[in-house]
Each structure stands twice: as structure tokens, then as C-alpha cells.
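[1] what follows is a predicted protein model with its sequence.
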Amino acid sequence: LAATVAGGPLPVTFEGFVARKNTDGRLNLLWDVGTEVNVKGYYVESSTNGVDFTNLGYVTATGKDIYSMDHDGKLMQNTFFRVKSVDFDGKTKYTPIIRVNGNETLGGYIQMYPMPAKNQVTVQHDPAMENTIISILSPEGKILQSKVVVPGSYQTQLNIERLAAGLYIVRYADGKGDLKTLKLVKN
């Protein structure tokens with residue numbers, strides 16, 4: 001079913017929301033925006049129970065694809081985060097809630113969206129090392145395409161327009177012998 005709203009398109013489309021730990025131990029919250037129409041800004045909210053949220057800060061909408069905010073406080077327990085967009089007309093929309101374990105580092109992190117995908121998929125990962133490669137493989141293990149990841153980047157976009165609909169494997173090789181895999185479903 002297609003979602004339609006009287007009076008035009010949805011003001012904002014959230015495509016991803018992740019947390020990663022910086023080298024200094026601070027938590028960096030990042031959210032990707034697909035479309036952004038009539039959006040005033042974003043409130044980043046946190047909670048210790050996943051129900052009652054408090055405001056951590058505000059980021060003004062500037063038409064970017066990716067927004068971020070650092071959380072300076074030390075997480076002593078599981079903490080839940082979400083982002084609330086606020087439109088100029090007062091309407092709001094939330095990202096899905098993510099949970100960060102208080103005593104856990106986020107090393108070896110990898111996530112992919114949207115899922116299922118159509119023409120493009122974004123792989124979010126820890127800051128990439130030299131010689132990091134992301135490959136798309138057939139279910140039988142044949143490499144269909146590979147991309148060298150920009151060192152220091154934390155997300156990589158893959159064009160999958162030419163792939164037939166079906167199931168694939170995305171392999172993240174960090175250049176030091178560590179491999180991680182994700183399932184990719186293309187519509």
C-alpha cells in the first residue's frame with residue numbers, strides 16, 4: 001500500500017538512524033533523510049526505559065542528507081534514542097527507536113538499509129580502514145560487484161539497479177582479515 005497524505009508528500013523520510021562511538025568515547029547519533037520538505041528541525045531524545053523520553057538537543061534542518069549530534073554523557077545503562085522532526089506547521093514524525101548498551105563499545109558495527117531495496121542500498125559501518133572492500137555476492141558465493149570503501153568513512157552506498165530481484169549477500173571485508181555479512185533483498 002502506498003502512503004499518501006492530503007495536501008502533498010510526506011515532509012520527511014527517515015532512511016536510517018544509528019549510533020556509533022567516536023574514538024574519544026563520545027556517542028555520535030546519525031540519521032539519514034531521504035526527503036525533507038517544510039521541516040524546521042530535529043529534536044534528539046533519549047530514554048532509559050524506552051517510554052519516557054527527554055530532549056537532548058536540537059538540530060536545525062538545512063537540507064542535508066545526513067545529520068548528526070554527539071551525546072557527551074557517559075552511558076551507564078541501556079539508553080534508548082530517537083529523533084523527532086518538527087515541521088513549520090507543527091507536525092511531528094519520529095525515527096524508529098534504537099538502543100545503545102551502556103557498557104558496550106560499538107566496534108564491528110554494520111547495518112544496511114533500506115530493506116528490501118530497489119535501486120540503491122546504504123551500508124553503515126565503523127570508520128573504514130585502508131583496503132576495506134564491500135562486495136555483493138550471489139547466494140552461491142559468486143562476487144557480482146565490489147567497491148573499495150573510502151578510508152575513514154562510516155557509510156557506503158551501493159548501486160544495485162542492474163541486479164535482478166532476489167536474495168544476495170553483502171560482504172564487508174575490513175582489510176585486516178575480518179569479514180561480516182548481511183542479507184540483501186532486492187525487489
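    Perfect, thanks for sending it.
[2] so where is this protein shaky, pLDDT-wise?
    Residues of the chain that meet the criterion pLDDT under 70 lie in 1-10, 22-25, 73-76, 101-109.
[3] Ser46: neighbour count?
    Applying other Cβ atoms under 10 Å, we find 19 other residues in the vicinity of Ser46. Every residue, glycine included, has its C-beta placed from N, CA and C.
[4] that one pairs with what?
    When assigned by DSSP bridges, Ser46 has beta-bridge partners Thr54, Phe81.
[5] likewise for Ser146?
    Per DSSP bridges, the residues bridged to Ser146 are Ser135.
[6] test my guess that it contacts Asn131.
    No: judged on Cβ atoms under 8 Å, Ser146 makes no contact with Asn131 at a distance of 11.9 Å.
[7] would you agree Thr156 is in contact with Lys147?
    Yes: when contacts are counted by Cβ under 8 Å, Thr156 is listed as touching Lys147 (6.5 Å).
[8] need the overlap of contacts for the two.
    Here Thr156 and Lys147 share the contacting residues Ile134, scored by Cβ atoms under 8 Å, 6 or more residues apart in numbering.
[9] quick one: which of the two has more around it?
    Neighbour count, other Cβ under 10 Å: between Thr156 and Lys147, Thr156 has more, with 21 against 15.
[10] ok, Lys84 to Glu15 distance?
    Going from Lys84 to Glu15 by Cβ to Cβ, to the nearest Å gives 16 Å.
[11] what sits closest to Gln145 if chain neighbours are left out?
    The shortest distance from Gln145 to any non-neighbouring residue, by Cβ to Cβ, 6 or more residues apart in numbering, is to Ile136 (5.0 Å).
[12] since that was my last question, I'll sign off now.
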